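> give me coordinates for this.
(one chain, ligands or ions: 2)
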Amino acid sequence: MLAYTYVSQGNFQLTEKPKPELADAKDAIVRVTLSSICTSDLHIKHGAVPRAVPGITVGHEMVGIVESVGSEVSAVKPGDRVAVNVETFCGECFFCKRGYVNNCTDENGGWALGCRIDGGQAEYVRVPYAEQGLTVIPEHVSFEQALFTGDILATGYWAARISEITREDTVLILGAGPTGICTLLCVMLKHPKQIIVCEKDPDRLDFVRKQYPDVIAAAPDSLESTIRENCRNGGADVVLEVAGAKDTFRMAWQYARPNAVVTVVALYEEDQVLPLPEMYGKNLTFKTGGVDGCDCREILALIAEGKIDTTPLITHTYPLEQIEEAYDLFENRRDHVIKVALKGK
Ligand SMILES: [Zn+2]
Ligand SMILES: [Zn+2]
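Ligands and ions are numbered 1, 2, ... in the order given. You can find the predicted model right below:
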């Protein structure tokens with residue numbers, strides 16, 4: 001089968017690999033009908049994910065049809081349409097039992113697919129702990145609608161869930177890339193008083209203004225005045241940092257009001273500075289990244305109810321055979337691309 005492979009730093013290639021087989025009673029094999037490229041794939045390509053293992057098939061955002069299941073899998077069966085979770089988790093360890101599935105202590109726990117084990121930019125993928133890793137897609141939800149459930153939507157949902165947002169809050173979201181927009185959609189479900197989105201890319205700002213007219217969209221150079229006009233207590237009540245750019249960690253704590261919650265969702269390519277003397281007395285609560293992706297069922301239910309719609313994010317679709325072209329477009333952000341969907345054979 002075709003599989004997009006992490007050969008070495010800076011080098012991904014479309015290669016032929018044998019079709020995966022069940023390796024454990026808790027595995028499932030899924031035929032990938034639709035997958036996507038995530039910025040985290042680019043982080044692997046740039047060598048910023050030390051855990052990533054050369055030789056693996058990349059890709060951790062996908063949906064498909066169950067092909068076969070191991071003897072201990074009963075929650076899904078062959079023929080089921082499923083969303084695949086970015087995270088692998090056993091469901092039984094200390095962390096899993098508390099919902100902290102990102103820290104599952106199983107050897108494959110956490111982000112394994114497309115990082116430490118073969119992922120889904122391929123015709124088929126083996127999913128360990130399939131009972132946790134797969135969620136059946138409701139009947140009237142399409143593969144396109146469900147595509148981001150297990151990764152960027154799970155991330156946005158988790159970020160909104162842990163950020164202690166109330167209806168009185170002004171929420172600042174830094175970054176309106178695909179994960180930023182998924183975060184925005186999930187923050188909207190909490191009905192805060194106001195949402196401000198800050199983004200430097202004019203295309204992405206336009207997208208936010210057109211799709212979500214109730215949201216205040218600001219470029220970084222006008223953020224300070226936007227915050228001054230809209231936040232009475234010296235900053236946002238809640239800040240979600242989803243940009244991961246050079247200055248955005250600093251912006252996150254600077255534009256937070258005293259005693260705010262600052263949730264860092266971004267995956268940085270470099271170390272960040274936490275200047276504690278400067279922020280002394282601000283009494284901030286920081287929550288840091290690493291999605292606990294265990295809300296896929298709730299997310300799919302919200303999609304089925306029409307409360308979350310991420311289909312406008314899919315700006316381009318390519319067949320898997322043309323994945324190199326798709327990466328080139330995504331990586332160089334050409335043609336107003338937001339997300340690329342790759343169709344399986
Ligand atoms: Zn991702
Ligand atoms: Zn676990």
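
> who's in contact with the residue lying closest to G290 once chain neighbours are set aside?
Counting by C-beta to C-beta, 6 or more residues apart in numbering, G290 lies nearest to N102, which is 4.5 Å off, once chain neighbours are set aside. For the C-beta atoms, the positions are set from N, CA and C on the backbone; glycine is no exception. N102 makes contacts with E87, F89, F95, G110, W111, G290, V291, D292, G293, as judged by C-beta atoms under 8 Å, 6 or more residues apart in numbering.

> likewise T149?
Contacts of T149 (C-beta under 8 Å, 6+ apart): V63, A83, T135, I137, C296, I299, L300, I303.

> is R167 within a helix or a strand, and which one?
Under DSSP states H and E, no helix or strand contains R167.

> quick one: L329 and ligand 2, what's the gap?
From L329 across to ligand 2, the span is 37 Å (C-beta to the ion, to the nearest Å).

> can you pull the residues of the protein lying near ligand 1?
Counting by C-beta under 5 Å from the ion, the residues of the chain lying close to ligand 1 are C38, S40, D151.

> most neighbours of all those, which one?
D151 (30 neighbours; other C-beta atoms under 10 Å).

> and F95, how many residues sit next to it?
Neighbours of F95 using other C-beta under 10 Å come to 19.

> what's near enough to touch it?
V101, N102, N103, C104, T105, G109.

> pLDDT at it, what is it?
F95 is assigned 97 on the pLDDT scale.

> per-residue pLDDT of G120, please?
Looking at G120, its pLDDT is 97.

> residue contacts, it?
By C-beta under 8 Å, 6+ apart, the residues touching G120 are V30, V32, S35, T57, G59, H60, E61, M62, G64, V84, L113, G114.

> so how far is A130 from the first one?
The span separating V30 from A130 equals 8 Å under the rule C-beta to C-beta, to the nearest Å.

> next, count neighbours for the residue lying closest to G10 once chain neighbours are set aside.
Residue nearest to G10 in three dimensions, not counting chain neighbours: K45, with 6.3 Å by C-beta to C-beta, 6+ apart. Using other C-beta under 10 Å, K45 has 19 other residues around it.

> follow-up on the earlier one: can you tell me which two in the contacts of T149 are farthest apart?
Within the contacts of T149, V63 and I299 form the most distant pair, 12.4 Å apart (C-beta to C-beta).

> neighbour count for those two, which is higher?
Neighbours per residue, other C-beta under 10 Å: of V63 and I299, the larger number sits with V63, 30 against 26.

> can I take it that the more buried one is in a strand?
Yes - remark: V63 belongs to a strand, assigned using DSSP: H, G, I helix; E, B strand; the rest coil.

> that one contacts R31, doesn't it?
No - in this structure, V63 is not within contact of R31 by C-beta atoms under 8 Å, at 10.3 Å.

> what are the bridge partners for V171, then?
Beta-bridge pairing of V171 under DSSP bridges involves I195, V238.

> which residue does this structure bring closest to ligand 1?
C38 (3.1 Å; C-beta to the ion).

> for that residue, grab phi and psi.
Reported as degrees, to the nearest 10, the phi and psi values for C38 are phi -120, psi 150.

> can you pull the contacts of it?
C38 neighbours (C-beta under 8 Å, 6+ apart): H60, E61, D151, I152, P178.
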